[in-house]
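*Asks:* Pasted the sequence and its predicted model underneath.
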Amino acid sequence: MKRLLTKGFETAGSAGVFLTLLLLGLYQGLQQTVLSLNLVWLSFEIVWMDAVATSIVFIGFVALSGGLLLREVWTPATNVSSRDDGPQLTAIIPVYRDGAVLHRSVESLKRANYENLEIVIACEPDDKETLAVAHELAGGAVSVIESRYPGSKSGAIQTAVEASIADSFAVFDADEIVDEDFLSAGMGALVDGGYDVFQGRRIPEPTGFVEALAYCERVMFHASYKIVEPSGFYNCRSSSTLFSREAFETVGGFDDLLTEDLAFAHKCFRHGLDVRQARNYTNVMEAPHTLADFWGQRKRWRIGQVEVLDATLRGRLTDGPLHRRVLSLGRMVTSLGGSIFTVVILSKWSLLVLTDAELFYLLPIVAVAVLAMGVGLADSRSGSIDSVVPITLCAPLVYPVFGLLSIKSILEYTVSWDGTWYHVEKTGS
């Protein structure tokens, strides 16, 4: 009964906040700005609604951030010093209930062009099914280890790092298909380039409508990341990532949080580590196949964002110099706030249709579709995906999800979240 009441409160609260933001958007969108020009021989006024100005600003944002992203993904994947041999590299695959997809990462890593490589599958002790699959895949450079700190991805990574003698590590999810040259590029960045962390790009396979929606969502987020990267903040993750032992120890490894990778990115920034972000080095992952899985996975990530912000405000994640801590906190707040503000933007756009200003309504949709199509063409050219048509059609549907997800996640984290997380079922197909 208590759980039903809690869920009812969450639903009502989310709907109330969502409606309030919609009304705020409508009110703001109707406001008019008047520009008067009076000359000796001519006098006229230009009047436009706030909704039109918002549309123009949004198009500018997409053009700038999307242009930066397109430039990066279209850059030939030869702009990082690459090496096929050198110091030992330990590739870690933390797994939980991933038996159906584990072969994807293991088999692709076996084909990697980097020679001095060991592959460690880090399993949860009670996950017997995945353990059985891992042992079937073991042999040669592939070994299996059970986490000494069960219950989290961070614990599995920590176990593998402690057990290895290597000074360089890579982390991948079980369902990733790793490009053959990815590790060579990463080790070139770490060993020859002197970077602490190398971060590539990981894309969902857009094999259907939901999968294309997941792909587009990643495109929009990567574009938004480009805007903050001049500040030195990079979204280095716990997948498609290489890092040195020194960097890992400097930041204290990954934290036992729902989005341990987000906390890791903020700690790397606060400690001033050198991160080489290279989105033209791309790996492929399996996307959610149902709307329920898409929603559940994305909500899990948003709840993780709220958890990292809460941990920071409570003093758990406050290392580093003051100015970097302030910038880090600002990044967390603006990321969540920006997602929520999309509700206001969408509300303003609805006015453009009602007031016969469809052009200013359609141009942002076209801008988003063109951005997704451009990134999709780059991935299609490299062989990572097959078709850009579903991507182009699905891209405009992404933004309506952002605000509602963030509102729901904040309320759920505050009211009822008990630490459990949504697990997406993947087939390995």
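*Replies:* Looks like it came in fine. Residues are numbered from 1 along each chain as shown.

*Asks:* What are the boundaries of the helices in the stretch 251-400 of the chain?
*Replies:* Under the criterion DSSP state H, counting those that start in this stretch, the stretch 251-400 of the chain contains helices at 260-270, 291-313, 322-354, 358-381, 389-394, 399-415.

*Asks:* Residue 199: which of those is closest?
*Replies:* The minimum distance between residue 199 and the helices of the stretch 251-400 of the chain falls on helix 260-270, with 8.7 Å, by C-beta to C-beta. To be clear about C-beta, it is placed using only N, CA and C from the backbone, and glycine gets the same treatment.

*Asks:* least trustworthy helix or strand in this structure by mean pLDDT?
*Replies:* The helix or strand of the chain with the poorest confidence is strand 43-49; it has a mean of 57 (mean pLDDT, DSSP states H and E).

*Asks:* So which bits of the helix or strand following it are buried?
*Replies:* Next helix or strand after strand 43-49 toward the C-terminus (DSSP states H and E): helix 50-74. Buried residues in helix 50-74, counted by 16 or more other C-beta atoms under 10 Å: 50-55, 58-59, 62, 65-66, 68-70, 72-73.

*Asks:* quick revisit: ranking the helices of the stretch 251-400 of the chain by burial, who's on top?
*Replies:* Looking across those with neighbours counted as mean count of other C-beta atoms under 10 Å, the highest average goes to helix 260-270: a mean of 25.

*Asks:* how about it as PDB, C-alpha atoms only?
*Replies:* Taking only C-alpha atoms (Å, rounded to 0.1, in the frame of the first residue of the first chain), the coordinates of helix 260-270 have been written out as PDB:
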ATOM      1  CA  GLU A 260      30.200   5.300 -11.800                       C
ATOM      2  CA  ASP A 261      31.500   6.600 -15.100                       C
ATOM      3  CA  LEU A 262      29.900  10.000 -14.700                       C
ATOM      4  CA  ALA A 263      31.500  10.400 -11.300                       C
ATOM      5  CA  PHE A 264      34.800   9.200 -12.800                       C
ATOM      6  CA  ALA A 265      34.600  11.900 -15.500                       C
ATOM      7  CA  HIS A 266      34.000  14.600 -12.900                       C
ATOM      8  CA  LYS A 267      36.900  13.400 -10.800                       C
ATOM      9  CA  CYS A 268      39.200  13.300 -13.800                       C
ATOM     10  CA  PHE A 269      38.200  16.900 -14.500                       C
ATOM     11  CA  ARG A 270      38.700  18.000 -10.900                       C
END
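
*Asks:* Tell me the gap between it and the middle of its chain.
*Replies:* 13 Å (C-alpha atoms, centre = their mean, to the nearest Å).

*Asks:* and the angle for it with helix 291-313?
*Replies:* Counting by axes from the mean of the first three to the mean of the last three C-alpha atoms, to 10 degrees, helix 260-270 lies at 40 degrees to helix 291-313.

*Asks:* From the contact counts, what lies against helix 260-270?
*Replies:* If contacts are counted by 3 or more C-beta pairs under 8 Å, 6 or more residues apart in numbering; DSSP states H and E, helix 260-270 sits against helix 245-251, helix 291-313, helix 322-354.

*Asks:* right, so of those, which gets closest to residue 205?
*Replies:* The closest of the helices and strands packed on helix 260-270 to residue 205 is helix 291-313. By C-beta to C-beta, the value is 13.5 Å.

*Asks:* In contact with residue 355, which residues?
*Replies:* Residue 355 makes contacts with 49, 51, as judged by C-beta atoms under 8 Å, 6 or more residues apart in numbering.

*Asks:* the helices in the stretch 1-150 of the chain, which residues?
*Replies:* Assigned by DSSP H, counting those that start in this stretch, the stretch 1-150 of the chain shows helices spanning 2-30, 50-74, 102-110, 128-137.

*Asks:* Least reliable of these by average pLDDT, please.
*Replies:* Of all the helices of the stretch 1-150 of the chain, helix 2-30 carries the lowest average pLDDT, namely a mean of 80.

*Asks:* State the mean pLDDT of the helix or strand residue 157 falls within.
*Replies:* Using DSSP H and E, residue 157 maps to helix 153-163. Averaged over helix 153-163, pLDDT sits at 96.

*Asks:* what's the next secondary structure element after that helix?
*Replies:* strand 168-171.

*Asks:* Now residue 125: closest residue in space that isn't a chain neighbour?
*Replies:* The spatial neighbour of residue 125 that comes closest, neighbours along the chain excluded (C-beta to C-beta, 6 or more residues apart in numbering), is residue 146 at 4.8 Å.

*Asks:* Next up, the contacts around that neighbour.
*Replies:* Contact analysis of residue 146 by C-beta under 8 Å, 6+ apart lists 122-125, 131, 159.

*Asks:* Narrow the residues you listed to just the buried residues.
*Replies:* For the contacts of residue 146, a neighbour count by 16+ other C-beta under 10 Å gives the buried set as 122-124, 131, 159.

*Asks:* can these go into TSV with extra columns for distance to residue 342?
*Replies:* TSV is the format used below for the buried ones among the contacts of residue 146 (distance: C-beta to C-beta, whole Å):
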residue	distance to residue 342
122	37
123	39
124	36
131	42
159	39
